[in-house]
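*Asks:* here are the coordinates; sequence isn't available:
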């Protein structure tokens, strides 16, 4: 009997015990009708061949292990960054259960959102009653300051009109007439979660800005962080840098506190977030800057329509990415970049110089949201690394061109390639045929690590199987330092693993590296 | 059964219900109050506590259930797609399951159920992969049937060892009038491979539950009797139905069934192959663990193939022993003797586990809110450790689930059906149990209140919890959750009572 009370065996060791191995072998031999081992091995090898790669890249319709989610996830995420705001997703209820679970599994935090719970009858007659009852219930039960309405694909397919529905709900006193109910249509069959982020943010800006005149003369700046799994650490780092600069700013959707509430005996359904007053006031800002172009194209265009200056970055990480961002902030606010930040920059470069030999020439595969992949690739180039395979399932042609320009800007970009619209099964073929030293992505990448032996570094949403990394920044010079250490740790741990065998490889198991 | 008898504070629970209902608008209050109740003792016939399925039980837990969730209240429920793809079909390991529609549903459910399986993923097995048709606007406008055909071809090209394909419909499929059945028939004819269209669009029904039913029906309509199945039925052939092998549950169960001399010819659907599904009608007896999600197909097999079915419960030693005996009664004396031997063999382990953990858990109170079978099935496992269940409820239970619950819970237990986020939070605040067992969405709010929590869908990344081997892990996990020092550190020492 393998199990014991003294030392309780978990699933991993338990099922390696002989009783279980024999049982599973018997199940396989007698009842599973699985293909013979030889055939499986042959097919497995074939899936890692160039021939298979070509077949795989010839796919036109099937998506396998895509690295993107759907619009409403982004809508729920961005809405969470406003003061006491409840997301209300109009459509089927299962979707909302999924967004909440997905966000909770990454942040290890509560994620609240409600659904209008539409079913068959609503599919036939429309979901107006669901909106009317739903808003009344949400308002009464969860005491929000704002309810941000987005849609699942069900409501989009049947064509429910949010603007009219919300107006009717207000007439029927579901919520007070002056209660803030911004909305956005967020069809899951268009774009991805980054599109949903943009749409919902624009919906919120429209709600507070539409029909108003912008007062010129402010030097304040608005900053849109974009959909970001590291938002907790990144937004705090962003605010710290802006505070050091003495800049007047508004973060348009700050989820840092919402997704990092303390444990002290009280459950806070809402915490922190951008105040509704400051969203209103943000109209008068001199400029709106986005940390992620592909999360904010419509929102920036909307801001520009009021005469605001706008600029978009690609997830500023690393040296030049941070330089560029800070210089832009300095330019639009008139505040110089203080010496303290130059010192931080210097310390980052000091660390990079100290460790340069360990990262120089390393090759990488990077996947994730388009702006992340760009920012990451750019930092890799700064370390003398080669971001060989850069893949964004939700990337487009324009992103590919930006990536190509980035590759062309560095000698280490030669031979690097961007793959817009491809998925992680494509990435498997890339890694199987053209190996990389490190893979940078999210938790789903662990299957690529298993199948291709490429060590995975988790720096992209979602991260389910490692804890708390998102509480630390990857933006700015401080963030870059953290990314640098993360990459180095992976390289060193790997090297130690490869040289640990006593009397065989441990001559290289060096004490000092 | 635990020897300790206890009852819960019925009056207090009634008061809690009245309090939470006050928060609702009138219309919602009227609807919600039917879903909340307190278990009331009934005169139980002898033996009622040991086995569900008997008439009558210990208590009466009559609340309304299986009714539409109310908009805007933060239901914890999922959808029919979750019930079909996520629960029933997803674990079938040598088939490719297409999440047919937009990308999200498949993405959020990717690898989240922890259905363990053995196989070479991406080559001969496919459970922890996300196959989707990733619908775009043009597919909504022009329909997705052509794309689906192409997808099936591409799957056959790239994954030649896949034994079949299931098409898990997402919301738009039923709304835009796609004919996935026609595509399935056509492709089945062309390739000879099993192709199963499943109409589990998320807007159908009121919860995951209809998805289970639809998935069961799809097995009946698209798998059974489609191929010659070579199998010589032996005297002890059984199917295990409704064990999804979460964290290895089905393996920790199978080992016991084999030890008592039964031959498990199919396990549905954790670690299952298509062959195990196809073979099922040839077995002698269906052993059903998750009644809620798979009773439908058992009833069908009973009607059509004359296969009897029996419910069992492999959580905790008292239920395991009762279930082994109950199962054995369907067979001859050899099996019945074997069952006693198995129970005796594991008794020292049970004793050691109880001796180690019961003193640390005695008298601790538990609130549950889960799906399927667990709101009742785990009750005695806790009681075996000296713990008490003060409240329980189902995400998507039906009337027959609440009837069965009466065999498990004590007088005064708070019962909540399709609980809302608001209600659950208030109930937990009011009762302040020593442990809450529920899902990922509930975990972090509860922990922030300073109350220990275990996810009882995924076993909180642990498991197995079934069988004797699983019971040791279960006991260890409840202990580590409740007795971790972190819960005692929440209050800063300089905080005064008034400020706290």
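*Replies:* Sure thing, it's come through. Just so it is clear, the model here is predicted, and its values are computed rather than measured.
*Asks:* Just want the residue of chain B that's nearest chain A.
*Replies:* residue B:79 (2.4 Å; CB to the nearest CB). Quick note: C-beta positions are derived from backbone N, CA and C, even for glycine.
*Asks:* what's the neighbour count on the nearest residue to that residue once chain neighbours are set aside?
*Replies:* Spatially, and ignoring its direct neighbours in sequence, residue B:79 is nearest to residue A:94 (2.4 Å; CB to CB, 6 or more residues apart in numbering or on different chains). Using other CB atoms under 10 Å in any protein chain shown, residue A:94 has 31 neighbouring residues.
*Asks:* wait, doesn't residue A:94 sit right on residue B:82?
*Replies:* Yes - using CB atoms under 8 Å, residue A:94 is in contact with residue B:82, at 5.3 Å.
*Asks:* Give me the common contacts of these two.
*Replies:* When contacts are counted by CB atoms under 8 Å, 6 or more residues apart in numbering or on different chains, residue A:94 and residue B:82 have B:202, B:208 as shared neighbours.
*Asks:* which bits of the stretch 201-350 of chain A sit near chain B?
*Replies:* Residues of the stretch 201-350 of chain A lying near chain B by CB under 8 Å from any CB of the partner chain: A:261, A:262, A:263, A:264, A:265, A:266, A:267, A:268, A:269.
*Asks:* JSON lines for the residues you listed, including secondary structure, distance to residue B:331 and neighbour count?
*Replies:* Below are those laid out as JSON lines (DSSP: H, G, I helix; E, B strand; the rest coil; distance: CB to CB, whole Å; neighbours: other CB atoms under 10 Å in any protein chain shown):
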{"residue": "A:261", "secondary structure": "coil", "distance to residue B:331": "55", "neighbour count": "20"}
{"residue": "A:262", "secondary structure": "coil", "distance to residue B:331": "57", "neighbour count": "11"}
{"residue": "A:263", "secondary structure": "coil", "distance to residue B:331": "52", "neighbour count": "15"}
{"residue": "A:264", "secondary structure": "coil", "distance to residue B:331": "57", "neighbour count": "16"}
{"residue": "A:265", "secondary structure": "coil", "distance to residue B:331": "54", "neighbour count": "14"}
{"residue": "A:266", "secondary structure": "coil", "distance to residue B:331": "56", "neighbour count": "12"}
{"residue": "A:267", "secondary structure": "coil", "distance to residue B:331": "51", "neighbour count": "19"}
{"residue": "A:268", "secondary structure": "coil", "distance to residue B:331": "56", "neighbour count": "14"}
{"residue": "A:269", "secondary structure": "coil", "distance to residue B:331": "54", "neighbour count": "18"}
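*Asks:* so who does the residue nearest to residue B:282 when sequence neighbours are not counted touch?
*Replies:* Nearest-residue entry for residue B:282: residue B:231, 4.6 Å, with adjacent residues in sequence omitted and distances by CB to CB, 6+ apart. Going by CB under 8 Å, 6+ apart, residue B:231 touches B:265, B:279, B:282.
*Asks:* name the element the first one belongs to?
*Replies:* I take that to be residue B:265. strand B:263-269 (DSSP states H and E).
*Asks:* other SSEs contacting that strand?
*Replies:* strand B:237-243, helix B:249-259, helix B:274-279 (3 or more CB pairs under 8 Å, 6 or more residues apart in numbering or on different chains; DSSP states H and E).
*Asks:* Tell me how many other residues surround residue A:26.
*Replies:* Neighbours of residue A:26 using other CB under 10 Å come to 14.
*Asks:* and it, what element?
*Replies:* Assigned by DSSP H and E, residue A:26 falls within helix A:18-27.
*Asks:* got the angle for that helix vs strand B:263-269?
*Replies:* Helix A:18-27 and strand B:263-269 are oriented at 90 degrees to each other (axes from the mean of the first three to the mean of the last three CA atoms, to 10 degrees).
*Asks:* Next, see if stretch A:14-28 gets close to chain B.
*Replies:* Yes - judged by CB under 8 Å from any CB, stretch A:14-28 comes into contact with chain B through A:14, A:15, A:19, A:20, A:23, A:24, A:26, A:27, A:28.
*Asks:* which phi and psi does the second one have?
*Replies:* In this case it means residue A:15. Here is the backbone geometry of residue A:15 (degrees, to the nearest 10): phi -80, psi 0.
*Asks:* dump the residue contacts of it.
*Replies:* Residues counted as contacts of residue A:15 (CB under 8 Å, 6+ apart) are A:21, A:24, B:116, B:248, B:251.
*Asks:* And the third one, by the same measure?
*Replies:* Counting by CB under 8 Å, 6+ apart, residue A:19 touches A:1, A:2, B:255.
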